[in-house]
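> sequence and predicted model, in that order:
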Amino acid sequence: MHHPMTVLVQLEYFPIVLSESIQQKNMLQGLRQPLKNNLMIRLILMLLTVRKAGMFCMHFFKKLLLLKLEVIFAAKKIKNLRHFAA
């Protein structure tokens with residue numbers, strides 16, 4: 001399991017890396033595409049990856065929140081047990 005901050009940093013750079021690799025692929029294939037089209041494609045791809053990253057973030061934080069709630073719940077249980085033991 002990654003540290004939460006490293007996950008966020010990786011997600012931030014993901015769309016940039018993706019668009020750069022697509023640019024390189026286009027250069028290798030020697031595609032002479034109009035710049036406007038290329039920019040549109042890059043924008044759409046970036047939006048899609050950002051959405052995916054956002055969904056991943058939501059999922060990640062939901063898990064984190066559930067874990068936090070479980071810890072609080074367990075702590076309360078332990079407190080109650082201690083109360084009975086006393």
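That came through fine.

> for this structure, give me the ranges with low pLDDT.
Residues of the chain meeting the criterion pLDDT under 70: 1-41, 51, 54, 56-57, 83-86.

> mind giving me the packing neighbours of the longest helix along the chain?
The residue-count maximum for a helix in the chain (DSSP state H) belongs to helix 35-85. Judged by 3 or more Cβ pairs under 8 Å, 6 or more residues apart in numbering; DSSP states H and E, helix 35-85 is in contact with helix 4-29. Where you see a C-beta, it was placed from the backbone N, CA and C, and this is true even at glycine.

> tell me, how many residues neighbour Val50?
Counted by other Cβ atoms under 10 Å, the residues lying close to Val50 total 14.

> likewise for Leu43?
As a measure of burial, Leu43 has 11 neighbours, counting by other Cβ under 10 Å.

> what's the answer for the one 10 residues further on, then?
Other residues within reach of Ala53, judged by other Cβ under 10 Å, total 17.

> and it, how far from Leu43?
15 Å (Cβ to Cβ, to the nearest Å).

> now Phe61
Phe61 sits at a distance of 26 Å from Leu43 (criterion: Cβ to Cβ).

> ok, now which ones touch Leu67?
With contact set as Cβ atoms under 8 Å, 6 or more residues apart in numbering, Leu67 has no partners.
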